[in-house]
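Novice: any chance you could fold what I've pasted below:
(4 chains)
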Protein chains: 2
Amino acid sequence: MIDLRNISYFSKLSDDEIGVIKKYSVFEEFDAGDVIYYEDEKPVYLFVLIKGSVDLYKTNLKGKQFYIYHINAVDLLGEVAAFSDITYLVTAECATKCTVLKIDYSKTGKFFCDNPYLCRELVKSLYERILSLVNAVDDSSLKTKERVAKYIIQESASFKDKTYTEISKKLNMTPETLSRVLNEFKKRAYIEIDDHHEITFIDEEKLKNLGS
Amino acid sequence: MIDLRNISYFSKLSDDEIGVIKKYSVFEEFDAGDVIYYEDEKPVYLFVLIKGSVDLYKTNLKGKQFYIYHINAVDLLGEVAAFSDITYLVTAECATKCTVLKIDYSKTGKFFCDNPYLCRELVKSLYERILSLVNAVDDSSLKTKERVAKYIIQESASFKDKTYTEISKKLNMTPETLSRVLNEFKKRAYIEIDDHHEITFIDEEKLKNLGS
DNA sequence: CGGTCTCTTGATTGTTGTCAAAGGCGGTGG
DNA sequence: CCACCGCCTTTGACAACAATCAAGAGACCG
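Specialist: Coordinates of the predicted model:
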């Protein structure tokens, strides 16, 4: 089993504190595609993502998913809902196999807020959420071409590891639209894409200036 | 001049602490329309909005504003940028006459994070930002009709105090589109609007179920 | 009473989603 | 080894949506 001491959040806690967390928490494994929690559920646990990565999205009334952001281990999960006593704001779905520490925060909650070190970690985590959310809001006001351009510039390295269908989900557009946009970029000689989805930039400047 | 003791954030501080803040802060008055800070600027101050209300928005490369959210006194302003050492994420523009306390956080910053009471206030403020941002992301995935419906249900009271042009800005749509949507709602007998922009709901259920 | 701003309406355009069809590719089971 | 299935991708045709452009009517203010 994983030693709590090895988790960065807890490395500076006293033995007593570690003991409390140990007592009220349990490790759980998830497969890719599993949902850790659903939006609008009442939070039961605070999660610490120990291994793997998780996609966060919202689902609208028609069942359509709107992708918001992505977090990698090690990070807090569900902390906003847990500590502010509201339902989960988003749905957390594993993008890969994940190991998660589930903490019964009703027993340890005070703890997190009162311990200065943990509180600072919490603030840091909240900052990151805010950055990601501002980024998501920003993206939502972009045209699809701009969104695709931004994505391929930022994520060119991992581009070849994903299907276009997966990428289109993260970009909140249809695979058809993504295909057409990439095609246009190729025709205009902004990029080249080989048979293995490997991407090469020919005119990165033009891509960057799409939105101006 | 306003006594720092009367500001909720500071009411529980010691005399010494109040002294430090007093030493490194100054009050400033803004008129409606004035900008307190611009996105991408390096933060110099942490602000506490003492009186009035402020709109937060992002401006894209083409100069188009994308409205994000609104805050009312008393609240923190610019705290994310100030404490995480990045540029301001959004532009803060006064919606009304405002009184703002400008704090030189480079002198008092540690203070905020170390004082358990202030730190908790900071966390609370960050939660609120996150809620507003998730709400903004959510809205951005709605159709204009749904966005208008949501707005008039939530803001029916203040509806008559604003011009349609102002409202359309907050809804991130053009005045023409807003006018057409309201017209459709009237034709379908969901709402009535009198000469003074006073709104009456006739079929609120239909409005709520637009998105399903 | 002239000017500015708001609101409305029509016509048009650009963008993106939807639907449908077809080809490719990989895996599976007979 | 081949037939088949399922998924991904591409392409075309089309529809829905919302912005833009343009014009005109009305309200408010100096």
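
Novice: quick one: contacts for A:Lys12?
Specialist: Taking CB atoms under 8 Å, 6 or more residues apart in numbering or on different chains as the criterion, A:Lys12 is in contact with A:Tyr117. Glycine gets a C-beta too; all of them are placed from N, C-alpha and C.

Novice: helix or strand: which one has it?
Specialist: Assigned by DSSP states H and E, A:Lys12 belongs to no helix or strand.

Novice: quickly note the distance from it to A:Leu4.
Specialist: 12 Å (CB to CB, to the nearest Å).

Novice: how many neighbours does A:Val48 have?
Specialist: A:Val48 is flanked by 25 other residues according to other CB atoms under 10 Å in any protein chain shown.

Novice: now the element after the helix or strand bottoming out on mean pLDDT in chain A, going C-ward?
Specialist: Least confident helix or strand, chain A: helix A:105-114 with a mean of 75, by mean pLDDT, DSSP states H and E. Sequence order places helix A:116-140 as the next helix or strand after helix A:105-114, per DSSP H and E.

Novice: close to chain B, is that next one?
Specialist: Yes: using CB under 8 Å from any CB of the partner chain, helix A:116-140 reaches chain B at A:116, A:119-120, A:122-124, A:126-127, A:129-131, A:133-134, A:136-138, A:140.

Novice: tell me the buried residues in that helix?
Specialist: Buried residues in helix A:116-140, counted by 16 or more other CB atoms under 10 Å in any protein chain shown: A:118-119, A:121-123, A:125-127, A:129-130, A:132-134, A:136-140.

Novice: just the angle between it and helix B:105-114, please?
Specialist: Counting by axes from the mean of the first three to the mean of the last three CA atoms, to 10 degrees, helix A:116-140 lies at 120 degrees to helix B:105-114.

Novice: show the contacting residues for A:Ile152.
Specialist: So A:Ile152 contacts A:Phe159, A:Ile191, A:Ile199, A:Leu207 (CB under 8 Å, 6+ apart).

Novice: am I right that it falls within a strand?
Specialist: No: according to DSSP: H, G, I helix; E, B strand; the rest coil, A:Ile152 belongs to no strand; its state is helix.

Novice: ok, now how distant is it from DNA strand C?
Specialist: As for A:Ile152, its distance to DNA strand C is 15 Å (criterion: CB to the nearest atom of the strand, to the nearest Å).

Novice: now swap in A:Val44 and tell me
Specialist: From A:Val44 across to DNA strand C, the span is 34 Å (CB to the nearest atom of the strand).

Novice: what's the neighbour count on that residue?
Specialist: Residues within reach of A:Val44, counting by other CB under 10 Å, total 14.

Novice: tell me the pLDDT at it?
Specialist: pLDDT, A:Val44: 90.

Novice: OK, contacts around it?
Specialist: A:Asp104.

Novice: give the helix, strand or coil label for the most centrally placed residue in chain A.
Specialist: By CA atoms, centre = their mean, the mean C-alpha position of chain A lies nearest to A:His70, the distance being 1.5 Å. Classification of A:His70 using three-state DSSP returns strand.

Novice: with adjacent residues omitted, what lies nearest to it?
Specialist: Closest residue in space to A:His70, ignoring its immediate chain neighbours: A:Asp55 at 5.5 Å, by CB to CB, 6 or more residues apart in numbering or on different chains.
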